[in-house]
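>>> Sequence first, then the predicted structure:
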Amino acid sequence: MSRIAYAAAMLMMVAGYAAADPVAAERLSEGRRIAETWCANCHLVGPAAPGPAADAAPPFHAIAAMPSTTAMSLRVFLSTPHSRMPDYRLTNDQIDAVSDWILSQGAR
């Protein structure tokens, strides 16, 4: 799937999600904003997002596609300091929002 087609599919999914649950859509939007602000320096955070300078960190769609990736596993990972990731000290709400955004990248 081309990058443009994938971006269009993601926008349609988010639009459908917004119509179904505006609160969840707002959290998804917040997760995207946080990811573009804090995570995009190392990760490709979405299909229409600019890529990082290097490819050392996996793109969010690859993280979302991993069988071990769940909302809980992301919460634990993002709550625990890691030597290879900066410690941004996200709030619980921010972690939930970023986790939702990461998981949304696996929907195709």
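Structure's in. What do you need?
>>> okay, now Ala57: neighbour count?
Counted by other CB atoms under 10 Å, the residues lying close to Ala57 total 16. Quick note: C-beta positions are derived from backbone N, CA and C, even for glycine.
>>> With Arg89 instead?
Arg89 - counted by other CB under 10 Å - has 8 other residues nearby.
>>> Could you report the distance from it to Val98?
To Val98, Arg89 is 13 Å away according to CB to CB, to the nearest Å.
>>> For Ser104, grab the count of nearby residues.
19.
>>> hang on, isn't it packed against Ala64?
Yes. Assessed by CB atoms under 8 Å, Ser104 is found in contact with Ala64 at 7.5 Å.
>>> Helices of the chain, start to end?
Here the chain has its helices, by DSSP state H, at 3-20, 22-34, 60-65, 71-79, 92-104.
>>> Next, the contact list for Asp87, please.
Shown in contact with Asp87 (CB atoms under 8 Å, 6 or more residues apart in numbering): Pro81.
>>> make it 10 Å
For Asp87, the contact set (CB atoms under 10 Å, 6 or more residues apart in numbering) comprises 80-81.
>>> Could I get the pLDDT score of it?
Looking at Asp87, its pLDDT reads 79.
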